[in-house]
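Novice: return atomic coordinates for the entry below.
(2 chains)
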Amino acid sequence: MTQISSLEERFLQIIDADEKIEPKDWMPEEYRKTLIRQISQHAHSEIVGMLPEGNWITRAPSLKRKLALLAKVQDEAGHGLYLYSACETLGIDRSTLLDQLHTGKAKYSSIFNYPTLTWADMGAIGWLVDGAAIMNQVPLCRCSYGPYARAMVRVCKEESFHQRQGYEIMTVLCKGSAEQKALAQDALNRWWWPSLMMFGPNDADSTHSEWSMRWKIKRFSNDELRQRFVDMTVPQAELIGLTIPDPDLKFNSDKNGYDFGPINWDEFWEVVKGNGPCNEERLKARIDAHEKGQWVREAAAAYALKQQQKSTISKIA
Amino acid sequence: MENNWPLYEVFIRSKNGLSHKHVGSLHAADAEMALENARDVYTRRNEGVSIWVVKAADIKASDPADGDFLFEPASDKIYRHPTFYDVPDAVKHM
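Specialist: Numbering: from 1, shown residues only, chains lettered A, B, ... in the order given. Predicted coordinates:
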């Protein structure tokens, strides 16, 4: 008992000194569990996040847009892999993580359960969804767990092109025909509120926040980050002539930020529970991809074994 | 649940003159595939000129709990540092 408490004391000293916890260091079980939950959700979000955009790769309006979208989706696969490896350093293996995703035990960001109906959605996703993700991820570069923080540095470096290409798509549409501009506005209308939901429940209702803050996994609360996102994004919308779909939105000079209307949390929880427009489709696509890749994984393992046996035989001979 | 492919740790030399540095890990069926995947996962933006992959199981790591026992002896050997030795002020560079 005294030994545990002195280990815990040492652990908290490291956290308080803003130093990093590394994989083999002692850590409280709850810290480990919280990180596994958060990092795996994050990894799953990157992987499932490829699906809504994958929908438009073959229909991108130009070669430039197609190249950018391909590169972005490939980055997301990479981000998923960085994060899975960071998560595995906590002592959980890859197949368990994938199992948790495929059985619905682990969640991914609800935003990916919305459909991508028009090309403008590629703009809105890059601008808003990646914008919100960056807002969440930048503070995670200073997270107390070393492997997660390092993975986030790589992710953030790569992510800024994602947001810029999205905003560029919106800008170009807004300068185009009335029909193109209407597409951009429609995409903003559909993605605005789900993007605000990406920051998670209001602070008063957020169950995991308190310890995450104490352990410096999280640096800012959900509401703080959401406010920053709104303050950053509203002027960007105005600049290209788009209207944020919120009648309550107005600048509040007292707080030097925008007041905005209430978020429909019933919708949020419905989508989390699996009743969003695309939950079934996304999970099915993921499971199909995994199952259809089974023979490839088996073949690669068989080939590796054969090569290994060959080299053993040639050594003996 | 299926078996995982072995885990490989990935090290990248960002340019000649610098050491290889650990960047992360990945699963692969063999070392050849680990190298190919490392290229796709960790060097999409000219991050490197050379890649090493090492099976994670082949790395023997020290235990952080042994930190004192391993590294403490070095901290009281201040005579290993140049500032331990007095030289006359008249000597400008040494």
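
Novice: tell me where chain B has helices.
Specialist: B:31-42, B:67-75 (DSSP state H).

Novice: and the longest one, what does it pack onto?
Specialist: Counting contacts by 3 or more C-beta pairs under 8 Å, 6 or more residues apart in numbering or on different chains; DSSP states H and E, the secondary-structure elements packed against helix B:31-42 are helix A:63-88, strand B:7-13, strand B:20-27, strand B:50-55. C-beta coordinates here come from the backbone N, C-alpha and C atoms, glycine included.

Novice: tabulate the helices of chain B (TSV), appending mean neighbour count and mean pLDDT.
Specialist: Formatted as TSV, the helices of chain B follow (neighbours: other C-beta atoms under 10 Å in any protein chain shown; pLDDT from 0 to 100):
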stretch	mean neighbour count	mean pLDDT
helix B:31-42	18	95
helix B:67-75	10	80
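
Novice: so for A:Ala182, which of those sits nearest?
Specialist: helix B:31-42 (39.0 Å; C-beta to C-beta).

Novice: and the residue in the stretch 51-200 of chain A that chain B sits nearest to, what does it touch?
Specialist: Residue nearest to chain B within the stretch 51-200 of chain A (C-beta to the nearest C-beta): A:Ser85, separated by 4.3 Å. Residues counted as contacts of A:Ser85 (C-beta atoms under 8 Å, 6 or more residues apart in numbering or on different chains) are A:147, A:151, B:7, B:24-26.

Novice: ok, and for stretch A:234-253, which residues are buried?
Specialist: For stretch A:234-253, the neighbour count (16 or more other C-beta atoms under 10 Å in any protein chain shown) marks A:234, A:237, A:240, A:242, A:244-246, A:249 as buried.

Novice: how about the contacts made by residue 62?
Specialist: Assuming you mean chain A. No contacts exist for A:Ser62 under C-beta under 8 Å, 6+ apart.

Novice: that's the other chain; I wanted chain B
Specialist: B:Leu70.

Novice: what's the distance between B:Asp68 and B:Ala74?
Specialist: 11 Å (C-beta to C-beta, to the nearest Å).

Novice: do A:Leu98 as well
Specialist: In terms of C-beta to C-beta, A:Leu98 sits 43 Å off from B:Ala74.

Novice: now do A:Gly176
Specialist: 66 Å.

Novice: pull out the buried residues from the helix ranked longest in chain A.
Specialist: The longest helix of chain A (DSSP H) is helix A:146-175. Buried residues in helix A:146-175, counting neighbours by 16+ other C-beta under 10 Å, are found at A:146-152, A:154-156, A:158-159, A:161-163, A:165-167, A:169-171, A:173-174.

Novice: next: stretch A:196-207.
Specialist: For stretch A:196-207, by 16+ other C-beta under 10 Å, it's A:196-201, A:206.

Novice: what's the local residue count around the nearest residue to A:Met122 once chain neighbours are set aside?
Specialist: Setting aside the residues directly before and after it, A:Met122 is nearest to A:Trp56 in space (C-beta to C-beta, 6 or more residues apart in numbering or on different chains), at 5.3 Å. Residues near A:Trp56, counting by other C-beta atoms under 10 Å in any protein chain shown, number 19.

Novice: just how off-centre is the helix or strand A:Trp56 falls within within its chain?
Specialist: Here A:Trp56 sits within helix A:50-57, counting by DSSP states H and E. Helix A:50-57 has its C-alpha centroid displaced from the chain centroid by 15 Å (C-alpha atoms, centre = their mean, to the nearest Å).

Novice: quick one: residues in contact with that helix.
Specialist: Identification of contacts with helix A:50-57 by C-beta under 8 Å, 6+ apart yields A:66, A:69-70, A:72-73, A:76-77, A:112, A:114-116, A:119, A:121-122, A:125, A:278, A:282, A:285-286.

Novice: ok and that helix relative to helix A:146-175, angle-wise?
Specialist: Interaxial angle of helix A:50-57 relative to helix A:146-175 (axes from the mean of the first three to the mean of the last three C-alpha atoms, to 10 degrees): 30 degrees.

Novice: got the buried residues for helix A:50-57?
Specialist: Neighbour counts over helix A:50-57 (16+ other C-beta under 10 Å) mark A:50-53, A:56 as buried.

Novice: looking at those residues, which is nearest B:Glu47?
Specialist: A:Met50 (21.4 Å).

Novice: from A:Lys284, how far out is that closest one?
Specialist: 15 Å.

Novice: in chain A, which spans are strands?
Specialist: Along chain A, counting by DSSP state E, strands occupy A:250-252, A:257-259.

Novice: dump the ones you listed to TSV, plus mean pLDDT and distance to chain B.
Specialist: Supplementary listing: these in TSV, determined by pLDDT from 0 to 100; distance: least, C-beta to the nearest C-beta, whole Å:
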stretch	mean pLDDT	distance to chain B
strand A:250-252	97	38
strand A:257-259	98	34
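
Novice: how about A:His79, nearest residue that isn't a chain neighbour?
Specialist: The nearest residue in space to A:His79 (C-beta to C-beta, 6+ apart) is A:Glu46, at 4.3 Å.

Novice: distance of that neighbour relative to A:Ala60?
Specialist: 21 Å.

Novice: who's more crowded, the two?
Specialist: A:Glu46 (23 against 18).

Novice: residue most distant from the centroid, chain B?
Specialist: B:Ala90 (41.4 Å; C-alpha atoms, centre = their mean).

Novice: need the per-residue pLDDT for it.
Specialist: We note a pLDDT of 93 for B:Ala90 in this prediction.

Novice: what's the closest of the contacts of A:Ser85 to A:Glu210?
Specialist: When these are compared for distance to A:Glu210 (C-beta to C-beta), A:Pro147 wins out at 23.4 Å.
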